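Undergrad: A structural model of the following input is requested.
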Amino acid sequence: MFKKLSASAVSTAVLVAAAAAALGPAAASAESAPLSSARIAMRFDLAEGQTPENIALAPGGAAYITFAKGRQVAEVSPNGTTRILATLPKPADGGIHAPVLGFPLTVGIVRAHDGTLYFLYATGTPDLTGVWRLRPGGQPQRIAALPADGLPNGLALDPRTHTLYVTDSVLGTIWSLPTTGGTPTAWSTAPELASTGFLGANGLKIHNGAVWATNLDKGTILRIPILQDGRAGSVRTEATGLPGIDDFAFTGHGDQLLAALNGPSEVALVRPGGSHSIVLTPADGLQNPTSIALRGDTVYVLSAAYVTAKDPNLVRAHLND
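TA: Reported below is the predicted structural model:
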């Protein structure tokens with residue numbers, strides 16, 4: 001559906017998003033009040049493909065992350081030790097046919113209450129692309145295939161219904177499937193999810209009876225109610241003017257959230273109603289941030305350094321009341 005871009009074209013597309021952000025409303029001067037004490041807590045090895053893409057927190061202080069280019073799932077202990085839990089098989093073609101990006105990558109990850117990890121793998125090949133599961137002490141296995149010409153990216157789990165939701169950044173689709181696996185359903189193909197040429201639907205969360213998603217190309221945050229019968233309701237755009245938006249996390253204050261802006265290497269605080277301000281910048285250590293998670297008042301921000309090509313890391317900050 002999309003012509004594969006070269007590495008330079010990908011870099012150009014992300015940098016264009018950064019330039020647009022510099023001109024948009026998200027480019028207001030950094031606001032220090034909402035977050036404080038930002039610091040780089042961990043650094044990763046770019047040469048080993050340790051480009052951290054997504055994060056899931058666990059009780060006890062551990063964090064589970066995906067290393068996109070390394071095709072790996074890792075556990076980061078509270079003391080900062082990184083342990084590789086799984087390395088996924090490399091596709092026979094090397095992943096050169098993976099849509100848009102041209103390399104195989106592990107992407108969204110969530111953790112169920114029993115410790116089971118669910119994550120996404122996008123390779124451009126039908127034998128590997130899809131939703132994978134890793135039980136504690138077990139081996140990774142694919143539980144659902146997704147279209148090889150798509151790019152499954154964001155992943156969310158609704159524990160009430162044991163349903164997984166997946167954004168496809170190329171096909172402009174949100175898929176749904178039970179945690180037991182099987183054939184996914186195209187839950188929403190609303191036009192608001194579509195790409196404008198690079199990547200569309202991206203980050204994903206379940207919040208207050210709705211699926212929330214971002215659109216990287218359009219710089220938007222979307223809310224889609226989950227109807228009583230499980231179908232998707234009408235899409236409502238909650239915020240605009242956030243070019244390069246990737247994943248996000250709710251702060252615990254209603255619909256307020258923190259969003260990773262990949263291109264400009266910033267984090268935005270987005271308030272109910274859509275107003276937003278920049279609360280972290282490259283000066284805080286951000287290098288193309290990809291995802292955010294919160295444990296209490298501690299904020300975790302992963303940076304993959306896709307374009308900067310230096311210092312992929314984990315930044316921690318304090319969320320002020």
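
Undergrad: what's G137 in contact with, if anything?
TA: Residues in contact with G137 (CB atoms under 8 Å, 6 or more residues apart in numbering): none are found. From N, CA and C alone the C-beta is placed, and that goes for glycine too.

Undergrad: Next, give phi and psi for it.
TA: Taking degrees, to the nearest 10, you get phi 80, psi 0 for the backbone angles of G137.

Undergrad: Can you check the pLDDT for it?
TA: For G137, the model assigns a pLDDT of 93.

Undergrad: Also N79?
TA: For N79, pLDDT reads 88.

Undergrad: Please report phi then psi for it.
TA: The phi/psi pair for N79 (degrees, to the nearest 10) is phi -90, psi 0.

Undergrad: could you measure it against A63, distance?
TA: Separation of N79 from A63 (CB to CB, to the nearest Å): 12 Å.

Undergrad: can you check P243 too?
TA: As judged by CB to CB, P243 and A63 stand 28 Å apart.

Undergrad: From the neighbour counts alone, determine which of those two ranks first.
TA: Between P243 and A63, counted using other CB atoms under 10 Å, the more crowded position is P243 (26 against 23).

Undergrad: Could I get the pLDDT score of the more buried one?
TA: Note for P243: predicted pLDDT of 91.

Undergrad: Just the endpoints, please. Distance across stretch 276-287?
TA: Stretch 276-287 has an end-to-end distance of 20 Å (CA to CA, to the nearest Å).

Undergrad: so for that stretch, what's the average pLDDT?
TA: 97.

Undergrad: Then stretch 246-257?
TA: Per-region confidence: stretch 246-257 scores 97 on mean pLDDT.

Undergrad: In it, which residues are buried?
TA: 246-251, 255, 257 (16 or more other CB atoms under 10 Å).

Undergrad: ok, S275 - how many residues close by?
TA: 11.

Undergrad: For A41, give its distance to G273.
TA: Counting by CB to CB - A41 and G273 are separated by 32 Å.

Undergrad: With neighbour numbers in mind, choose between those two.
TA: Each of A41 and G273 has its neighbours counted (other CB under 10 Å); A41 has more, 16 against 9.

Undergrad: which SSE is the more buried one in?
TA: strand 35-43 (DSSP states H and E).

Undergrad: For L261, list the residues it contacts.
TA: 21, 26, 242-246, 267-268, 289.

Undergrad: out of those, which one sits closest to L193?
TA: I245 (13.3 Å; CB to CB).

Undergrad: just checking, K90 touches P104?
TA: Yes. Using CB atoms under 8 Å, K90 is in contact with P104, at 6.6 Å.

Undergrad: Test for you: state the pLDDT assigned to the closest residue to G95 other than its chain neighbours.
TA: The spatially closest residue to G95, leaving aside those adjacent along the chain, is P104, at 3.3 Å (CB to CB, 6 or more residues apart in numbering). We have a pLDDT of 96 for P104.

Undergrad: so how many other residues sit close to P104?
TA: Neighbours of P104 (other CB under 10 Å): 25.

Undergrad: Overlap in contacts, K90 and P104.
TA: Going by CB under 8 Å, 6+ apart, residues that sit against K90 and also against P104 are R71.

Undergrad: Now do the same contact list for G285.
TA: Contacts were defined as CB under 8 Å, 6+ apart; by that measure G285 touches 38-40, 303, 311, 313, 315.

Undergrad: and those, which two are the farthest apart?
TA: Taking CB to CB, no two of the contacts of G285 sit farther apart than A38 and D311, at 14.5 Å.

Undergrad: okay, those two: which has more neighbours?
TA: Between A38 and D311, A38 has the larger neighbour count (other CB under 10 Å), namely 21 against 14.

Undergrad: Could you report the pLDDT at T12?
TA: 37.

Undergrad: no, scratch that, I was asking about G60
TA: pLDDT, G60: 89.

Undergrad: likewise S176?
TA: S176 is given a pLDDT of 98.

Undergrad: Over to the one 5 residues further on?
TA: In the prediction, the pLDDT value recorded for G181 is 97.

Undergrad: what sits against it?
TA: Residues in contact with G181, defined by CB under 8 Å, 6+ apart, are 131, 133, 143-144.

Undergrad: go again using 10 Å as the cut-off
TA: Contact analysis of G181 by CB atoms under 10 Å, 6 or more residues apart in numbering lists 118, 130-133, 141-145, 164.

Undergrad: Let me know the secondary structure of it.
TA: coil (DSSP: H, G, I helix; E, B strand; the rest coil).

Undergrad: ok, so what distance separates it from T163?
TA: Using CB to CB, G181 is found at 12 Å from T163.

Undergrad: Dump the contacts of G285 into JSON lines; add distance to A56 as well.
TA: Shown next, in JSON lines, are these (distance: CB to CB, whole Å):
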{"residue": "A38", "distance to A56": "21"}
{"residue": "R39", "distance to A56": "22"}
{"residue": "I40", "distance to A56": "21"}
{"residue": "S303", "distance to A56": "17"}
{"residue": "D311", "distance to A56": "23"}
{"residue": "N313", "distance to A56": "18"}
{"residue": "V315", "distance to A56": "17"}
